[in-house]
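**Q** pasted the sequence and its predicted model underneath.
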Amino acid sequence: MIGILLIELRRSPMRWLVAPLVVLGAALLFGLDREWIGVWPQTSAYAQRPVMFLAAAAAAAAAWSSGRAARQGMTDRVLTSARRPEMVELPRIAATVAYVITAYAVVVLAAVVTTALATDDIAIWPSYLLLGATTIITATAIGDLAGRHLHTKIAAPVAGAGMLVAVFATTSQPVFSFVVLSGKPQVELTPRALAARTVLSLVALAATIFWSPDTPMSRQRRPRTARRVGAAFVAVLVGTFAVAGVAAAGPVSRPREAPSEPRCAGADIRVCVWPENRKYLPHTLELAERITAATAMTPKPVTAITFVEEGLHRSPTGQDDGFPLGITDFSTAYMMTVQMLPPFGTCESYDSPRTQAWTEAWIRVMDWILVGSAGPIVAERLPAARLAAATELRSMPDSQQRATIAAFYRTLEGPYCDA
């Protein structure tokens, strides 16, 4: 058995693809953005991103390897071999999986080492890595079946392209995705969904190893058309049950419970984030201090407040009033500023002059605070007219700014809706 596996390892087309796939995986990992570095759930999720392409390569290589006998006209010799059919299939599939998993492991190791050096600890989330491994196994099994039953030279490119399209198309689907693009600490993989994908990969692998309609007995009793129709019927039946099982398991991820002890910093101006996002804490606290300092010229300067990251706290109405963390500071600064301003009301009609004046005052104060605290990042996100108005207000003498902002606050202290 070991000897056969070694032969398949030497014959597998995947041996030529491992190095390019590692380079592609590293490019996806380090080339797009590096916000995942230092955040373990993001590191784990980003490490399985290359599975989108690894799965396509696995399907194509498996289809090419399984169709080798038909292309060389040796199908009958293989079928009449003294070796059991599963002993023929298993080494070939194992060789493909071994090469793809090796490329996957190299990318994962690079991600783990990078974040470990940045955080001085190791807290990888294995669920994301398991999701990637199950996707690779499922793709290999599907590709092997395609190459063995289609009996065509284009089975490999069809299997690879089909798997690539399928994975990309389902990535944005919460129920049917097999690769996740983000690993925010606010979410985790659903055990049921992960179990369903694991079972699917094992069933597909077992079907590949043990099921084949192309046996000497079937050739004697059923013509080729009947065998292909039977194979297609079984494939559709198994695929239907697989889709139903994955759908029944529900979305691939779910919200996490907020930790009892988030990571916090600051005294009067305080910021709290998820423990996994602790690398953002110093910069976020500095941003919060700039934003609150920008309210010094308002009638109600903010001298004590606690900002929390999204998912750590919900309002009595069930809404998340926290700030997001991302690759820019704008959303963070925006949500922090929202927390310092009066909330919008609920009206039967929002077209009244009073409501429009209140909204205009709210926007002007919001933009004035952002321009005075968030700096250049605002220029990329605020509409040009609003940015120009806020910049003009900031350029006025302090006395004029105080008077203008005080007038806006008097509007905000009034009712939001008409009586």
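**A** On my side now, so go ahead. Numbering: from 1, shown residues only.

**Q** in which helix or strand would I find residue 188?
**A** Assigned by DSSP states H and E, residue 188 falls within strand 187-189.

**Q** what do you get for residue 402?
**A** For residue 402, the host element (DSSP H and E) is helix 398-413.

**Q** alpha carbons of that helix, in CSV - could you do that?
**A** Taking Å, rounded to 0.1, in the frame of the first residue of the first chain, the C-alpha atoms of helix 398-413 are listed here in CSV:
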residue,chain,number,x,y,z
ASP,A,398,-12.9,80.2,18.0
SER,A,399,-15.5,82.6,19.1
GLN,A,400,-17.4,82.2,15.9
GLN,A,401,-17.2,78.5,16.1
ARG,A,402,-18.5,78.5,19.6
ALA,A,403,-21.4,80.7,18.7
THR,A,404,-22.3,78.6,15.6
ILE,A,405,-22.1,75.3,17.4
ALA,A,406,-24.1,76.7,20.4
ALA,A,407,-26.9,77.6,17.9
PHE,A,408,-26.8,74.1,16.6
TYR,A,409,-27.0,72.7,20.1
ARG,A,410,-30.0,74.8,20.9
THR,A,411,-31.8,73.3,17.9
LEU,A,412,-30.8,69.8,19.1
GLU,A,413,-32.1,70.4,22.6
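
**Q** what does it contact?
**A** With contact meaning C-beta atoms under 8 Å, 6 or more residues apart in numbering, helix 398-413 is reached by 297-300, 341-342, 357-358, 361-362, 364-365, 368, 393-394, 396. Bear in mind the C-beta positions are built from the backbone N, C-alpha and C, glycine included.

**Q** buried residues of the helix or strand following the strand holding residue 188, list them for me.
**A** Of the helices and strands lying after strand 187-189 in sequence (DSSP H and E), the nearest is helix 191-210. Neighbour counts over helix 191-210 (16 or more other C-beta atoms under 10 Å) mark 193-194, 196-198, 200-201, 203-205, 207-209 as buried.

**Q** helices or strands next to helix 191-210 in the packing?
**A** With contacts taken as 3 or more C-beta pairs under 8 Å, 6 or more residues apart in numbering; DSSP states H and E, helix 191-210 sits against helix 85-119, helix 126-150, helix 224-249.

**Q** what's the closest of those helices to residue 64?
**A** Closest approach to residue 64 among the helices and strands packed on helix 191-210 (C-beta to C-beta): helix 126-150, 6.2 Å.

**Q** could you give the angle of whatever helix or strand comes next after the closest one to helix 126-150?
**A** Following helix 126-150 in sequence order, the next helix or strand is helix 155-171 (DSSP H and E). Calculated by axes from the mean of the first three to the mean of the last three C-alpha atoms, to 10 degrees, helix 155-171 forms an angle of 140 degrees with helix 126-150.

**Q** and helix 155-171, how far out from the chain middle?
**A** Counting by C-alpha atoms, centre = their mean, to the nearest Å, helix 155-171 is centred 18 Å from the centre of its parent chain.

**Q** and what of stretch 323-331?
**A** 17 Å.
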